[in-house]
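**Q** Build me a model:
(one chain, ligands or ions: 1)
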Amino acid sequence: MKINFTKMHGLGNNYIYINMFQETLKEEDLPSIAVDVSNINTGIGSDGLILITPSDKAEVGMRIFNKDGSEGRNCGNGLRCVAKYAYEHHLVHSDHFTIETKAGIVDAYITLENGDVSAITVDMGIPELNRRNIPMIGTNREKVVSEPFDIGAETLEVTAVSMGNPHAVFFVDDIEKSPLYELGPSISTDHRFPEGVNCEFIEVVNPREINFRVWERGSGVTQACGTGACASVVASILNGYSRKNEEVCVHLGGGDLWIKWAADGHVWMRGPAETVAKGEYYWLNG
Ligand SMILES: N[C@@H](CCC[C@H](N)C(=O)O)C(=O)O
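**A** So this is what the prediction gives:
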């Protein structure tokens with residue numbers, strides 16, 4: 001079976017994008033297609049699969065599948081890429097439009113420079129801080145802010161935030177020494193997070209600058225995570241390191257994102273999106 005695709009990335013967080021306005025895929029095949037296209041040896045190579053879909057509730061829809069075939073509810077870097085694709089392929093008719101995700105509907109704004117999309121700003125909505133809704137199992141304290149978290153022989157402190165998908169944020173003194181590979185896999189599948197969790201290590205450089213590394217649920221280490229950057233800025237503010245209503249620059253493995261938790265509770269994300277390639281993928285199982 002032949003599938004037309006576009007490969008795009010947001011700060012190195014790369015996915016295979018399929019335009020479902022034109023392609024038809026069976027629902028039951030989507031997890032396997034995600035696993036197959038993501039494989040660097042026998043597929044294309046990516047952090048997962050993103051479908052750009054028609055939507056009844058918004059101008060365009062997005063579905064995201066991680067590298068292991070699991071479906072996520074939201075993807076910050078994916079939203080910027082979907083916005084760029086939708087704008088450039090005339091799926092939308094202005095530079096401000098809505099995108100439906102499994103976590104809700106968001107507003108996207110295109111910035112143009114000499115006619116090219118240079119940045120995309122997304123209103124990522126209001127972060128969910130209630131433990132039960134993240135979801136995270138634990139004591140009856142409602143918010144999870146620097147709560148002791150035993151993992152292996154260590155006790156870390158976790159701040160938990162949902163941006164439509166769950167994030168466990170840990171502060172470190174030196175980003176280069178964060179135990180990403182040592183602890184990322186076990187934290188992301190820890191029983192206290194019944195739906196799994198994206199695990200972020202962050203170093204606060206100053207109130208307006210954060211260094212960031214991520215182990216994503218379902219995909220492992222990626223160069224960037226947009227929802228993770230949002231969750232990290234929220235965590236930094238909850239812990240008194242950064243301030244509301246001020247843009248914070250998050251330095252991710254693949255570049256920078258600008259995040260603001262506004263006074264009205266909404267989190268704003270601003271950053272780039274790039275197209276890498278377009279082509280035909282030959283899916284052998286289809
Ligand atoms: N890379 C993403 C998040 C992708 C989904 C995540 N792994 C999950 O399962 O929640 C981003 O940029 O936000």
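
**Q** tell me which residues form a beta bridge with Ile99?
**A** Val60, Val106 (DSSP bridges).

**Q** I'd like to know how far Arg208 sits from Val172.
**A** 18 Å (Cβ to Cβ, to the nearest Å). All C-beta atoms are positioned from the backbone trio N, CA, C, and that covers glycine.

**Q** got it, and Glu71?
**A** 30 Å.

**Q** same question, Ile137
**A** In this view, Ile137 and Val172 are 24 Å apart by Cβ to Cβ.

**Q** what do you get for Leu79?
**A** Using Cβ to Cβ, Leu79 is found at 27 Å from Val172.

**Q** Tell me which of the two has more neighbours.
**A** Counted by other Cβ atoms under 10 Å, Leu79 and Val172 do not tie: Leu79 has more neighbours, with 25 against 17.

**Q** what's the span of stretch 192-203, first residue to last?
**A** Terminal residues of stretch 192-203 are spaced 24 Å apart (Cα to Cα, to the nearest Å).

**Q** List the buried residues of that stretch.
**A** Applying a neighbour-count criterion of 16 or more other Cβ atoms under 10 Å, one finds 192-193, 196-203 buried in stretch 192-203.

**Q** Can you pull out the low-pLDDT segments for this protein?
**A** The chain contains no residues with pLDDT under 70.

**Q** Let's see that with 90 instead.
**A** Residue ranges of the chain with pLDDT under 90: 139-141, 152, 284-286.

**Q** Within range of the ligand, give me the residues from it.
**A** Within the chain, the positions near the ligand by Cβ under 6 Å from any ligand atom are 13, 64, 66, 72, 75-78, 165, 198, 216-219, 222, 225-228.

**Q** Make a ChimeraX selection of whichever of those turn out to be buried.
**A** Applying 16+ other Cβ under 10 Å to the residues of the chain next to the ligand, the buried members can be selected in ChimeraX as follows:
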select :13,64,66,72,75,76,77,78,165,198,216,217,218,219,222,225,226,227,228
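
**Q** Please, which helix or strand holds the closest residue to Pro179 other than its chain neighbours?
**A** Among residues not flanking Pro179 along the chain, Phe201 sits closest, at 7.4 Å (Cβ to Cβ, 6 or more residues apart in numbering). Element membership of Phe201 [criterion: DSSP states H and E] is strand 198-206.

**Q** And the helix or strand just after that strand, what's buried?
**A** Per DSSP H and E, strand 198-206 leads on to strand 209-216 as the next helix or strand towards the C-terminus. For strand 209-216, the neighbour count (16+ other Cβ under 10 Å) marks 210-216 as buried.

**Q** Give me the contact list for stretch 237-252.
**A** By Cβ atoms under 8 Å, 6 or more residues apart in numbering, the residues outside stretch 237-252 that reach it are 11-12, 129, 143, 145-146, 159, 161, 171, 204-205, 207-214, 223-225, 229, 232-233, 236, 256-263, 270.
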